[in-house]
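*Asks:* Need a 3D model of the following:
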Amino acid sequence: MRIDFDFMAVLSQWPLLATGVLWTLALTAVATVAGMAVGIACAWARASGPGWLRWPAGAYVELVRNTPFIVQLFFIFFGLPAAGVKLSPELASFIAMVLNLGAYATEIVRAGIQATPRGQIEAAVSLALSRVQVFMRVVLPPALQRVWPAMVSQIVIVMLGSAVCSQISVQELSYAANLIQSRNFRAFESFIVATAVYLLLSIAVRRLLHWAGPRFLFGR
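*Replies:* Sure, this is the predicted structure:
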């Protein structure tokens, strides 16, 4: 049996693919910035915060890390309206990705914090720095430097996980690929192209973050 491949039938739909790439990058960018902020805050709460914050932060981390991302997304988009909270597909996806990355980032950052030498912290305290100043200026930068490769890998995983958001009609890359194949019935070509684009995005995002982290987060 002979199979004729027609990739031009897919590539000719480049506006759809471009829109999908932009949505994928937008979801990833928001999730990265907000998710890392959540992760840093929860890592501080679990590592050295007051007792009344440690339990909620720990419960959030365990809940998110032990449930599938698609369940979290569906709960936010389909479940919350039952409680009177109706969100757009895009906003629901942003929230789900932020919460997901935040939970994993919490444990990644916490590992870096726990590796900080105790003497370094005591030296900062002896300089009359507040707890917040000690954390932000002395503990956090080297902690991020230690765990940055793991953080970058987690960000890429979350970016690839954004493909699930097509299930609630967010027009990211996998949604575009599925829409194209439904129009021209070129499923093999559509998803091969989508796979290649995801691969290129992963490599590009990984290299960008490895370049940007040392320059803007911990000032190597």
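*Asks:* In terms of secondary structure, what does the least confident helix or strand in the chain by mean pLDDT contact?
*Replies:* Ranked by mean pLDDT, DSSP states H and E, the helix or strand of the chain with the weakest confidence is helix 118-126, at a mean of 74. The contact analysis (3 or more C-beta pairs under 8 Å, 6 or more residues apart in numbering; DSSP states H and E) places helix 118-126 against no helix or strand. (C-beta placed from N, C-alpha, C; glycine too.)
*Asks:* As PDB, could you dump the C-alpha coordinates of that helix?
*Replies:* C-alpha atoms of helix 118-126 as PDB (Å, rounded to 0.1, in the frame of the first residue of the first chain):
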ATOM      1  CA  ARG A 118      23.400  27.700  58.100                       C
ATOM      2  CA  GLY A 119      26.400  29.900  58.800                       C
ATOM      3  CA  GLN A 120      25.500  32.100  55.800                       C
ATOM      4  CA  ILE A 121      22.100  32.800  57.200                       C
ATOM      5  CA  GLU A 122      23.500  33.500  60.700                       C
ATOM      6  CA  ALA A 123      26.000  35.900  59.200                       C
ATOM      7  CA  ALA A 124      23.200  37.800  57.500                       C
ATOM      8  CA  VAL A 125      21.100  37.900  60.700                       C
ATOM      9  CA  SER A 126      24.200  39.300  62.500                       C
END
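*Asks:* How about residues contacting the helix or strand that it is followed by?
*Replies:* Going down the chain from helix 118-126, the next helix or strand is helix 131-133, by DSSP states H and E. Applying C-beta atoms under 8 Å, 6 or more residues apart in numbering, the external contacts of helix 131-133 come out as 48, 124.
*Asks:* Is residue 140 in contact with residue 37, as I believe?
*Replies:* No. Assessed by C-beta atoms under 8 Å, residue 140 is found out of contact with residue 37, at 11.8 Å.
*Asks:* When the two are compared, which one has more neighbours?
*Replies:* Each of residue 140 and residue 37 has its neighbours counted (other C-beta atoms under 10 Å); residue 140 has more, 20 against 13.
*Asks:* Which residue is the nearest non-sequential neighbour of the more buried one?
*Replies:* Nearest residue to residue 140, sequence neighbours excluded (C-beta to C-beta, 6 or more residues apart in numbering): residue 40, at 6.8 Å.
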